[in-house]
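> Sequence and predicted structure are below.
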There are 2 protein chains.
Amino acid sequence: MVNYPGGIASARKQNNQQDKTVKFGKRGMTFEAEINATNAYYLTHGLAVIHKKPTPIQIVKVDYPKRSRAKITEAYFRQASTTDYSGVYQGYYIDFEAKETQNKTRFPLKNFHDHQIEHMENVLNQNGIAFVLLHFTVLSRTFLLKASDLIPFYKEHKGQKSLPLAFIEDKGAEISKQLLPSIPYLELIHKLLGGDSHFKSTTK
Amino acid sequence: MVNYPGGIASARKQNNQQDKTVKFGKRGMTFEAEINATNAYYLTHGLAVIHKKPTPIQIVKVDYPKRSRAKITEAYFRQASTTDYSGVYQGYYIDFEAKETQNKTRFPLKNFHDHQIEHMENVLNQNGIAFVLLHFTVLSRTFLLKASDLIPFYKEHKGQKSLPLAFIEDKGAEISKQLLPSIPYLELIHKLLGGDSHFKSTTK
């Protein structure tokens, strides 16, 4: 259980469609809303089935009013033990976390929790595809970085430091903005599946 | 948004370890707790990474007390649009729903929602592995039924009827109880992957 300030905004965004109109960066949609829209596009076009997991909530009290639906009156945000997004793409298990920073030169590692790093390791050990989508809001640039590149860096720096932009540019793949889907990360996975044995076990 | 009575017990179970001591059937653990324990066993033994998704909650009001964590003071249960469990097993995407009935001769289809059936279809179209675990509490019998067997039956009967036990015995695979893991469903997947091209696309 944690004090989970990030979860609130996240949960509100998830639960309230109106929040999608909140402006940030230059594109008028939050990064999370863009990913959700991209996943919705992939789903309706039969390209992939990838969903955001609900925000984990610890429920303490529930009222059961007569002739009305149950109302939760006391609950708290919990820290997620896995990543936010998972699903299936052409038989492959897909698992990723999406984060953004206002920083222009580096991506702070505090955006990730030990549990999430451990989860990504577990996924890689099961030959799943794990990565992070990193969005630099001010630069308006988005990268896909494989978990196999993130994890060693994270462990070496004990969650204290940041990923330099140069490291992300070198190891990651930049996602070209589009109108629809706005964050076409599947294209990169497709490429990476073909050429990189570290991304996906070659035994499949 | 729905009145979601099943979600409350489910969410409490998920959030409160003490609820695992609730007795039912003859085994002292709820069906859900047994599946969670099985998944924990698979995870710690490096056999699979399969998690239960958090219960989806619509958050309406949050208090931010000073020097204390955020408190949700009004929220409601939402209907899940996917199945409860998903993850990765040796590179394969795994997706399932677990349900139980007090009935001795049939499994009511009202245990499943249209959204869940649609989700399972989408998963199959992406070559994922989708199934349901059906538990007859009074009989103390548990079956794995492939989504490819459930979906046509569900559609034919429009969510109105029940799966006869005989149908489940014929099409499904019974899971032998064990001490640990108590519901060893992976063994059945392993078998089914080997022999049944309808369960999993043979293109992989």
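Received, thanks.

> which secondary structure elements does the helix of greatest length in chain A contact?
What stands out as the longest helix in chain A, according to DSSP state H, is helix A:31-44. Applying 3 or more C-beta pairs under 8 Å, 6 or more residues apart in numbering or on different chains; DSSP states H and E, one finds that helix A:31-44 contacts helix A:5-15, strand A:49-52, strand A:85-89, strand A:92-101. C-beta coordinates here come from the backbone N, C-alpha and C atoms, glycine included.

> Report the mean confidence score over that helix.
Taken as a whole, helix A:31-44 carries a mean pLDDT of 96.

> Name the residues of it that are buried.
For helix A:31-44, the neighbour count (16 or more other C-beta atoms under 10 Å in any protein chain shown) marks A:31-39, A:41-43 as buried.

> Pull the distance from it to the chain's centre.
In terms of C-alpha atoms, centre = their mean, to the nearest Å, the centre of helix A:31-44 is set 12 Å apart from its chain centre.

> Ok, stretch A:50-68 next?
22 Å.

> Tell me which residues of it come out buried.
Residues of stretch A:50-68 classed as buried: A:50-59, A:62 (neighbour count, 16+ other C-beta under 10 Å).

> just those that are near chain B?
A:51, A:53-59, A:62 (C-beta under 8 Å from any C-beta of the partner chain).

> Residue A:163: which of those residues is nearest?
The closest of these to residue A:163 turns out to be residue A:53 (C-beta to C-beta; 23.8 Å).

> Apart from its chain neighbours, what residue comes closest to that closest one?
Excluding the flanking residues, the one nearest residue A:53 by C-beta to C-beta, 6 or more residues apart in numbering or on different chains is residue B:53, at 5.3 Å.

> so who does that neighbour touch?
Residues in contact with residue B:53 (C-beta atoms under 8 Å, 6 or more residues apart in numbering or on different chains) are A:53-54, B:80, B:82, B:84-86.

> let's see 7 Å
Residues counted as contacts of residue B:53 (C-beta atoms under 7 Å, 6 or more residues apart in numbering or on different chains) are A:53-54, B:82, B:84, B:86.

> Pick out the most distant pair among these.
Checking those with C-beta to C-beta, the most distant pair is A:54 and B:86, at 12.5 Å.

> give me the low-pLDDT residue ranges for chain A?
A:1-28, A:159, A:195-204 (pLDDT under 70).

> The same query, at a cut-off of 90, please.
For chain A, the stretches with pLDDT under 90 are A:1-29, A:66-68, A:79-81, A:157-161, A:177-180, A:190-204.

> Against residue B:117, how distant is the residue lying farthest from the centre of it?
The centre of chain A is farthest from one residue, residue A:66, which by C-alpha atoms, centre = their mean lies 39.4 Å away. Going from residue A:66 to residue B:117 by C-beta to C-beta, to the nearest Å gives 32 Å.

> Thought residue A:104 was touching residue A:164, still the case?
No: using C-beta atoms under 7 Å, residue A:164 is not in contact with residue A:104, being 11.4 Å away.

> Check the separation of the first and last residues in stretch A:75-92.
35 Å (C-alpha to C-alpha, to the nearest Å).

> Pull out the buried residues from the helix or strand residue A:148 falls within.
Assessed by DSSP states H and E, residue A:148 sits inside helix A:147-156. Neighbour-count burial for helix A:147-156, with 16+ other C-beta under 10 Å as criterion, is recorded at A:147-151, A:153-154.

> and the closest residue to residue A:165 other than its chain neighbours, how many neighbours?
Nearest residue to residue A:165 in three dimensions, chain neighbours excluded: residue A:105, at 5.2 Å (C-beta to C-beta, 6+ apart). By other C-beta atoms under 10 Å in any protein chain shown, the residues close to residue A:105 number 11.

> Can you verify my assumption that residue A:105 contacts residue A:163?
No: with contact defined as C-beta under 7 Å, residue A:105 does not reach residue A:163; the gap is 10.3 Å.

> sorry, back to before: just name whatever secondary elements the helix holding residue A:148 is in contact with.
Packing contacts for helix A:147-156, counted by 3 or more C-beta pairs under 7 Å, 6 or more residues apart in numbering or on different chains; DSSP states H and E, involve helix A:114-125, strand A:129-136.

> Tabulate the ones you listed (a markdown table), appending mean neighbour count and distance to residue B:186.
Converted to a markdown table, the helices and strands packed on helix A:147-156 look like this (neighbours: other C-beta atoms under 10 Å in any protein chain shown; distance: least, C-beta to C-beta, whole Å):
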| stretch | mean neighbour count | distance to residue B:186 |
| --- | --- | --- |
| helix A:114-125 | 19 | 15 |
| strand A:129-136 | 24 | 20 |
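
> For residue B:124, which of the ones you listed is the nearest?
For residue B:124, the closest of these is strand A:129-136, at 19.2 Å, according to C-beta to C-beta.

> so that closest one versus helix A:114-125, what angle?
140 degrees (axes from the mean of the first three to the mean of the last three C-alpha atoms, to 10 degrees).

> Strand A:129-136 packs against which elements?
Strand A:129-136 packs on strand A:92-101, helix A:114-125, strand A:141-146, helix A:147-156, going by 3+ C-beta pairs under 7 Å, 6+ apart.

> if we can go back for a sec, do you know how far the residue nearest to residue A:165 is from chain B?
Remark: distance between residue A:105 and chain B (C-beta to the nearest C-beta, to the nearest Å) = 31 Å.

> again, but for residue A:166
Residue A:166 is 32 Å from chain B, by C-beta to the nearest C-beta.

> Quick check: that residue is in a helix.
Yes: using DSSP: H, G, I helix; E, B strand; the rest coil, the secondary structure at residue A:166 is a helix.

> Contact partners for the residue nearest to residue A:42 when sequence neighbours are not counted?
Nearest residue to residue A:42, sequence neighbours excluded (C-beta to C-beta, 6+ apart): residue A:48, at 4.2 Å. By C-beta under 7 Å, 6+ apart, the residues touching residue A:48 are A:42, A:87-89, A:186, B:126.
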